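Visitor: Next one to model:
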Amino acid sequence: MSLEQITLEPATHASGTVHLPGSKSISNRALLLAALTPGITSLTGVLASDDTRVMIDALNQLGVEAIKVSESVYQIHGGTPFNHAHADLFLGNAGTAFRSLTAALAFLGGDYTLSGIPRMHERPIGDLVEALQGAGARIDYLETSGYPPLKIGQPTIDLSQPIRVKGSVSSQFLTALLMAAPIAVAQTQTELVIEVEGTLISQPYIAITLDMMEKFGVLVRHDEHWQRFVIQSDAQYVSPGEFHVEGDASSASYFLALGTIAGGPIDIQGVGALSVQGDVQFAKVMEYMGAQVTYLANSMEVTGVNVAQGQRLKAFDLDFNLIPDAAMTAAALAVYADGPCTLRNIASWRVKETDRIDAMQNELRQVGAEVESGPDWITIYPIPEGGWRSARIETYDDHRMAMCLSLMRFGGMSQTILDPNCVSKTFPEYFSIFEQLIKG
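Guide: Below is the predicted model of the structure:
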């Protein structure tokens, strides 16, 4: 595969088996939780990607011993405080690493700088910083107020009042506070209360965080509306000994979609009915659009229509607030629908690796679709027969743009994906696996 581009020739059918890489969200949470937990924790199924490499490199800089046993197995020697209280951490464009380390280091205290690539410095972090400062953290902006890079110093932790954080921009802010909470609790012997201001987006990602914290010995109480979270004064992490990272449900969306538009069957191994990840619900969207999905505990099989033969998917108008990452795959499939498709409540797309609403609009127009959009929605009209165009598809250094738009090859025209190696952020082997499933 060229470093600059890859041309995907028209395809008509896909089938086979895919073994998913480990979940990025779970991998980076597990790495940090193991680092914060006294003793040795063995992590299996860890994703090998740019984002996890960034987290592992940062932990090593902080003095945490993270031993690579094999490609997906790490042995983490954890416990706080970390051995190194001074570090300059470069975190690329890994939001899961940047946000969670900001909170953990802000409570641990020391002398740290956290920076990333230019796009990371455009992704807002002010809501998290303000929440931490309200609890006594010492954090300064090194460039633009509200955005990385950050300077972290020694805190004076005060948990006498609830920590308040806005929930409307990124669920990663709340995840960061929750995972770091036992650090503050241990220093103050005081219960910690977190209150969410406004609507909490991407709630299933918080469910992942709470499930994993419980597996590491910390049970978080919360109200039924997910607006108030309580970490008890005696909360402390305890190693589970071994923790397995399940397959990535966001990555599963591309293969669920592939089976939906290219016949199938495609057997997806690594995530299924027992998954803790919200993005597994994307399979329900595929069923709505016309696919048949069989669910087992840790796998799914999908069969669908054949759009290359003129068959169409059922159009939708849906709220995707709970699964914003997988929603991108639904947007790509909209060009094969029997009417216009609208994705709503996706404002978080605008502060991801790129402005995904604008990027999706631009690139779908290139291949022949009519697209409209607003602050938190996008409507895509199906491409009519004879309306497809070959295009050089920009990916904006965004792994999900590259993977979603690989599905454009079933419109009867070749499509060129620029900078395909951007998928290394979460799924380095995506294009080779994708190609193996193409049968004609």
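Visitor: how many other residues sit next to the residue nearest to residue 398 when sequence neighbours are not counted?
Guide: Spatial nearest neighbour of residue 398, chain neighbours left out: residue 353 (4.1 Å); criterion: CB to CB, 6 or more residues apart in numbering. Yep, even glycine has a C-beta here, placed from its N, CA and C like the rest. Residue 353 has 23 neighbouring residues, counting by other CB atoms under 10 Å.
Visitor: And for residue 258?
Guide: 28.
Visitor: Can you tell me the closest non-neighbouring residue to it?
Guide: residue 14 (5.1 Å).
Visitor: Give me the distance between that neighbour and residue 130.
Guide: 47 Å (CB to CB, to the nearest Å).
Visitor: who's in contact with the residue nearest to residue 398?
Guide: Applying CB atoms under 8 Å, 6 or more residues apart in numbering, we find residue 353 in contact with 93, 119, 396-400, 425.
Visitor: Show me which of residue 14 and residue 130 is the more surrounded one.
Guide: Comparing residue 14 with residue 130 by other CB under 10 Å, the one with more neighbours is residue 14, at 26 against 17.
Visitor: Model confidence score at the more buried one, please.
Guide: Note on residue 14: pLDDT of 98.
Visitor: do residue 296 as well
Guide: 97.
Visitor: now do the one 5 residues further on
Guide: According to the prediction, residue 301 has pLDDT 98.
Visitor: residues in contact with it?
Guide: Residue 301 touches 259, 264-268, 293-294, counting by CB under 8 Å, 6+ apart.
Visitor: my guess is the residue nearest to residue 398 is in a strand, correct?
Guide: No: read with DSSP: H, G, I helix; E, B strand; the rest coil, residue 353 is coil and lies in no strand.
Visitor: Okay, it and residue 141: tell me how far apart.
Guide: Taking CB to CB, one finds residue 353 at 21 Å from residue 141.
Visitor: neighbouring contacts of stretch 290-299?
Guide: For stretch 290-299, the surrounding residues in contact (CB under 8 Å, 6+ apart) are 246-247, 256, 259-260, 264, 267-275, 283, 286-287, 300-305, 313-314.
Visitor: just checking, residue 159 touches residue 187?
Guide: No: if you go by CB atoms under 8 Å, residue 159 and residue 187 don't touch, sitting 9.2 Å apart.
Visitor: between these two, who's got more neighbours?
Guide: Neighbours per residue (other CB under 10 Å) separate residue 159 from residue 187, with residue 159 holding more: 20 against 15.
Visitor: which residues touch that one?
Guide: 135, 184-185, 188, 190-193.
Visitor: about what we covered before: among the contacts of stretch 290-299, which are located in strands?
Guide: 264, 267-269, 300-303 (DSSP state E).
Visitor: right, and the pair among those with maximum separation?
Guide: Of all pairs drawn from the ones in strands among the contacts of stretch 290-299, the one with the longest distance (CB to CB) is 269 and 303, at 16.0 Å.
Visitor: one step back: and the residue nearest to residue 258, bridged to which residues?
Guide: residue 263, residue 438 (DSSP bridges).
Visitor: Just the closest of the contacts of residue 301 to residue 336, please.
Guide: For the contacts of residue 301, the nearest to residue 336 is residue 259 (13.0 Å; CB to CB).
Visitor: okay but that closest one is in contact with residue 252, surely?
Guide: No: between residue 259 and residue 252 no contact is recorded; they are 10.5 Å apart, counting by CB under 8 Å.
Visitor: Can you give me the pLDDT of the closest residue to residue 391 other than its chain neighbours?
Guide: Leaving aside its chain neighbours, residue 391 sits nearest to residue 366 (3.9 Å; criterion: CB to CB, 6+ apart). Looking at residue 366, its pLDDT reads 98.
Visitor: now residue 199
Guide: 88.
Visitor: Could you report the separation of it from residue 319?
Guide: For residue 199 relative to residue 319 (CB to CB), the value is 12 Å.
Visitor: Also residue 184?
Guide: Applying CB to CB to residue 184 and residue 319 gives a distance of 35 Å.
Visitor: and what of residue 405?
Guide: Taking CB to CB, one finds residue 405 at 23 Å from residue 319.
Visitor: the more surrounded of the two?
Guide: residue 405 (26 against 13).
Visitor: my read is the more buried one is in a helix, agree?
Guide: Yes: counting by three-state DSSP, residue 405 is found in a helix.
Visitor: Skipping its backbone neighbours, what lies nearest it in space?
Guide: residue 393 (5.1 Å).
Visitor: neighbours around the one you found, how many?
Guide: Based on other CB under 10 Å, the number of other residues close to residue 393 is 24.
Visitor: Am I right that residue 190 falls within a helix?
Guide: No: with three-state DSSP as the criterion, residue 190 is located in coil rather than a helix.
Visitor: okay but it is in contact with residue 235, surely?
Guide: No: counting by CB under 8 Å, residue 235 is not a contact partner of residue 190; they are 10.7 Å apart.
Visitor: These two: who's more crowded?
Guide: residue 235 (20 against 15).
Visitor: pLDDT of stretch 413-429, averaged?
Guide: 96.
Visitor: Do me a favour and get the end-to-end distance for it?
Guide: 24 Å (CA to CA, to the nearest Å).
Visitor: how about that stretch: buried residues?
Guide: 413, 415, 417-428 (16 or more other CB atoms under 10 Å).
Visitor: Please apply the same query to stretch 19-37.
Guide: Under 16+ other CB under 10 Å, the buried positions of stretch 19-37 are 20-37.
Visitor: One more: stretch 78-85?
Guide: In stretch 78-85, counting by 16+ other CB under 10 Å, buried: 78-80, 82.
Visitor: And stretch 156-164, by the same measure?
Guide: For stretch 156-164, by 16+ other CB under 10 Å, it's 157, 159, 162-163.
Visitor: what are the phi and psi values for residue 42?
Guide: phi -100, psi 120 (degrees, to the nearest 10).
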